[in-house]
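Q: Model the following, please.
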Amino acid sequence: MVCVAGGTGLAPIKCVLQGMSQAQRRRDVLLFFGARQERDLYCLDEIRALQKIWGGRFEIIPVLSEEPVASAWQGKRGMVTEYFEEFLRGQSCEGYLCGPPPMVDAAELVLLRLGVARECIYADRFFNRIPG
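A: Predicted structure coming up:
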């Protein structure tokens with residue numbers, strides 16, 4: 001199970017993971033969390049608590065796209081999609097994507113390129129609505 005969350009897209013992904021039954025928690029999970037800067041990362045303590053009770057492998061990969069070079073951040077930088085191949089390495093999986101349309105679109109394309117079947121990719125694109 002590959003989960004890709006961009007910004008506030010983490011909230012629905014977190015709910016899906018929290019709602020999974022004990023039997024489903026034996027599935028391996030890779031959670032890619034894309035944010036602009038370290039200050040934009042949230043709910044990591046809750047995600048780590050869920051990770052501790054998970055029955056299968058559960059890896060969290062935060063990726064920052066606009067973190068200042070001089071910061072103390074030691075994690076991944078760039079776009080979440082840049083790290084899919086490194087972590088997936090030809091594994092079959094389902095993709096659960098939630099966040100801004102450009103990130104979700106890019107993630108979907110890379111997953112398809114890596115051999116994930118279109119019917120195994122579930123996406124929720126967040127659109128900014130302008131009142132008017």
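Q: Off-centre distance for the helix or strand of the chain with the lowest mean pLDDT?
A: Ranked by mean pLDDT, DSSP states H and E, the weakest helix or strand in the chain is helix 84-88, scoring a mean of 90. With Cα atoms, centre = their mean, to the nearest Å as the basis, helix 84-88 stands 12 Å off its chain's centre.
Q: List the buried residues for it?
A: Buried residues in helix 84-88, counting neighbours by 16 or more other Cβ atoms under 10 Å, are found at F84, L88. Every residue, glycine included, has its C-beta placed from N, CA and C.
Q: go on, stretch 94-113?
A: Buried, per 16+ other Cβ under 10 Å, within stretch 94-113: 95-100, 103-104, 106-108, 110-111.
Q: mind listing which of the residues you listed are in helices?
A: Cross-referencing the buried residues of stretch 94-113 against helices under DSSP state H gives M103, V104, A106, A107, E108, V110, L111.
Q: for the third one, what are its contacts?
A: Taking Cβ atoms under 8 Å, 6 or more residues apart in numbering as the criterion, A106 is in contact with M79, T81.
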